[in-house]
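Novice: Predicted model and sequence follow; I will ask about them next.
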Amino acid sequence: MNAKTLIATPLIGLAVIGAGIGAAGIASAGTLPTNGNTIAMTIYNNTDQTMTLTGDYTSAGDFIAAPQQTLAPHSSEIVTASVDNFGGLTAVVNYGIPDTNTIVTFQANNSAQGATTDGTNVGGVHARRYDVSTTIDTGVPTMNVAYTIAPN
């Protein structure tokens with residue numbers, strides 16, 4: 001081994017470990033704008049199906065980190081959105097579970113009235129096969145919420 005390999009190998013290992021630790025945590029609004037309402041949504045796909053994005057929108061503002069086109073089985077993603085005022089923000093992400101004709105709606109509502117996940121649901125022909133749970137970690141104005149979709 002040469003000197004470059006001896007130096008680079010531990011650094012690459014630390015980078016991989018750091019990325020894994022970061023991906024394992026919940027969403028953090030620490031790096032989001034502070035001039036308005038923000039939403040950080042961690043979506044966990046605990047199914048054996050690849051979910052496919054069928055739609056997304058915000059009531060105001062924009063996605064900073066938009067949802068992925070597909071979310072692999074037993075993986076997660078962090079979706080973030082913000083608006084440059086404190087009037088309120090809703091972010092909605094819809095994923096389809098193709099083999100079951102099921103649509104999962106992940107909704108985050110962040111307004112002066114509070115932070116809710118009202119509107120989050122599982123719909124479609126085989127909706128009863130899945131359950132979606134939510135946990136709000138922080139509320140207005142920097143909402144952090146986690147969603148887990150899993151088979152019943």
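Specialist: Nice, I can see it.
Novice: Restrict stretch 76-85 to CA atoms and write it as CSV.
Specialist: Extracted as CSV, the C-alpha positions of stretch 76-85 are listed here (Å, rounded to 0.1, in the frame of the first residue of the first chain):
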residue,chain,number,x,y,z
SER,A,76,-36.5,6.2,4.1
GLU,A,77,-36.2,9.7,2.8
ILE,A,78,-36.4,13.3,4.2
VAL,A,79,-38.6,15.8,2.4
THR,A,80,-38.4,19.4,3.4
ALA,A,81,-40.5,22.5,2.5
SER,A,82,-40.6,26.1,3.6
VAL,A,83,-42.5,29.4,3.2
ASP,A,84,-41.0,32.8,3.9
ASN,A,85,-43.8,33.9,6.3
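Novice: buried set for it?
Specialist: For stretch 76-85, the neighbour count (16 or more other C-beta atoms under 10 Å) marks 76-83 as buried. For the C-beta atoms, the positions are set from N, CA and C on the backbone; glycine is no exception.
Novice: Closest one to residue 70 out of those residues, please.
Specialist: Set against residue 70, the nearest of the buried residues of stretch 76-85 by C-beta to C-beta is residue 77 (10.0 Å).
Novice: Give the bridge partners for the closest one, please.
Specialist: residue 43 (DSSP bridges).
Novice: any idea how far it lies from residue 45?
Specialist: Plainly put, residue 77 is 8 Å away from residue 45 if you go by C-beta to C-beta, to the nearest Å.
Novice: Quick check: neighbours shared by these two?
Specialist: Counting by C-beta atoms under 8 Å, 6 or more residues apart in numbering, the shared contacts of residue 77 and residue 45 are residue 71.
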